[in-house]
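Colleague: got a sequence here, can you model it:
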Amino acid sequence: MKNFNALSEQEILALAISLEEEDERVYADFAEGLRHDFPGSATVFEGMRVEESGHRRRLIELYRQKFGEHIPLIRRQDVKGFVQRRPVWLVKPLGLDAVRKQASAMEVETRRFYETAAVRAQDAGIRQLLDDLAQEERTHEYRAQELSQQKLRPEVKEDEDQARRRLFVLQIVQPGLAGLMDGSVSTLAPVFAAALATRNSWDAFLVGMAASVGAGISMGFAEALSDDGSLTGRGHPWVRGVICGAMTSLGGVGHTLPFLVPNFRAAMTIAFFVVLVELAIITWIRHRYMDTSIVSAATQVALGGALVFITGVLIGSS
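Modeller: Got it, this is the predicted structure:
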């Protein structure tokens, strides 16, 4: 890597052209990646791509006047001082917040580059252009806000908010809820069966932990291997798998931890109330995010939990 202070004016211009080309392509990828779920924001980034394209043309025109037709390939990774960018534009589906943060970081870095390069430039024409571009990058954020006001009308913003909520439900809530329901409900039978069969808190705790961790691993792999998210829009499979597996284990561990209490009756009582809290949380999540009425959600969750709980009690008491 070459030190920035060692670059000549020709190399600085060549680097600036390379940076603008990269930013233009990144904004194009942002626009394309957001077009399906966030068409208004995609239009904003398309406008920013057009601006970067204009910067590039002005730099190339000045370079041709000063140094001729050949532009050496100097990239950001060839020069010390640039921040390593996370390729969020390669992740599908794109997250709107992540894209906006990345775009903001790109604008700040490019502005600082032009300000530093302008100070080092000796040629008046080169210095003038670099100063102008630094100023334009400084106002780029304001330009993006103007584009947002023009393109993101209230109804468009409302549609994008709804799209973001749908993605959140698909990628986070659904796998988490599936895991929480499985962990909270399916582990009731083995935990309470073991508790009533042995009348020993520690034995019930060990069975509960084994069931919770095992169910978490199983559900995590099942969710991760179900689909890759490319067609369903459900996000990265391993992220879903981790969420689902973690919530499954958490759901089972919740009513397992009370059996750390040595007194068996006290442990059973605490575990029973923990189960009620878990079922209430599941009911609220289904009502809040899955558009299920509170009565219907409570009935479904209570019925399933009661059946599994009774099964565990009957088996443990036999």
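Colleague: got the buried residues for the longest helix anywhere in the chain?
Modeller: The single longest helix within the chain, with elements called by DSSP state H, is helix 39-67. Going by neighbour count (16 or more other CB atoms under 10 Å), the buried part of helix 39-67 is 39-49, 51-53, 55-56, 58-60, 62-63, 67. In short, each C-beta sits where N, CA and C put it, glycine included.
Colleague: so which elements touch it?
Modeller: If contacts are counted by 3 or more CB pairs under 8 Å, 6 or more residues apart in numbering; DSSP states H and E, helix 39-67 sits against helix 9-34, helix 96-120, helix 124-138, helix 140-151, helix 154-168.
Colleague: just give me how far the third one sits from the chain centre.
Modeller: Taking CA atoms, centre = their mean, to the nearest Å, one finds helix 124-138 lying 36 Å from the centre of the chain it belongs to.
Colleague: name the residues of that helix that are buried.
Modeller: Going through helix 124-138 with 16+ other CB under 10 Å, the ones that come out buried are Ile126, Arg127, Leu129, Leu130, Asp131, Leu133, Ala134, Glu136, Glu137.
Colleague: and stretch 214-228, by the same measure?
Modeller: Within stretch 214-228, judged by 16+ other CB under 10 Å, the buried ones are Ala215, Gly216, Met219, Gly220, Ala222, Glu223, Ala224.
Colleague: would CSV of those with pLDDT and secondary structure be doable?
Modeller: Supplementary listing: the buried residues of stretch 214-228 in CSV, determined by pLDDT from 0 to 100; DSSP: H, G, I helix; E, B strand; the rest coil:
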residue, pLDDT, secondary structure
Ala215, 87, helix
Gly216, 86, helix
Met219, 86, helix
Gly220, 85, helix
Ala222, 82, helix
Glu223, 79, helix
Ala224, 78, helix
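Colleague: ok, those residues vs Ile12, which is closest?
Modeller: Ile12 has its nearest neighbour among these in Ala224, at 47.1 Å by CB to CB.
Colleague: which neighbouring elements make contact with the helix or strand harbouring Thr299?
Modeller: Secondary structure assignment for Thr299, by DSSP states H and E: helix 294-317. Packed against helix 294-317, as judged by 3+ CB pairs under 8 Å, 6+ apart, are the following elements: helix 188-198, helix 264-289.
Colleague: what mean pLDDT does the first one have?
Modeller: Along helix 188-198, the predicted local confidence has a mean pLDDT of 86.
Colleague: ditto for stretch 269-284
Modeller: What stretch 269-284 shows for mean pLDDT is 88.
Colleague: so what touches it?
Modeller: Contacts with stretch 269-284, where a contact means CB atoms under 8 Å, 6 or more residues apart in numbering, come from 177, 180-181, 184, 188, 191-192, 195, 251, 254-259, 261, 294, 297-298, 301-302, 305, 309.
Colleague: again with stretch 58-78
Modeller: By CB under 8 Å, 6+ apart, the list of residues contacting stretch 58-78 reads 1-2, 7, 9-11, 13-20, 22, 82, 123, 125-126, 129, 133.
Colleague: list only buried entries from the residues you listed.
Modeller: Neighbour-count burial within the contacts of stretch 58-78 applies to 7, 9-11, 13-20, 22, 82, 126, 129, 133; the criterion is 16+ other CB under 10 Å.
Colleague: so how far is the longest helix of the chain off the chain centroid?
Modeller: The chain centroid and the centroid of helix 39-67 are separated by 29 Å under CA atoms, centre = their mean.
Colleague: quick one: mean pLDDT over it.
Modeller: pLDDT averaged over helix 39-67 gives 89.
Colleague: same check, this time on stretch 81-98
Modeller: Across stretch 81-98, pLDDT averages out at 66.
Colleague: what about that stretch, start to end distance?
Modeller: 23 Å (CA to CA, to the nearest Å).
Colleague: okay, domains of this protein per the record?
Modeller: When the chain is parsed with automatic domain parsing, its domains come out as 4-152, 162-317.
Colleague: my read: Pro237 touches Phe221, true?
Modeller: No: between Pro237 and Phe221 there is no contact, the gap being 10.2 Å when judged by CB atoms under 8 Å.
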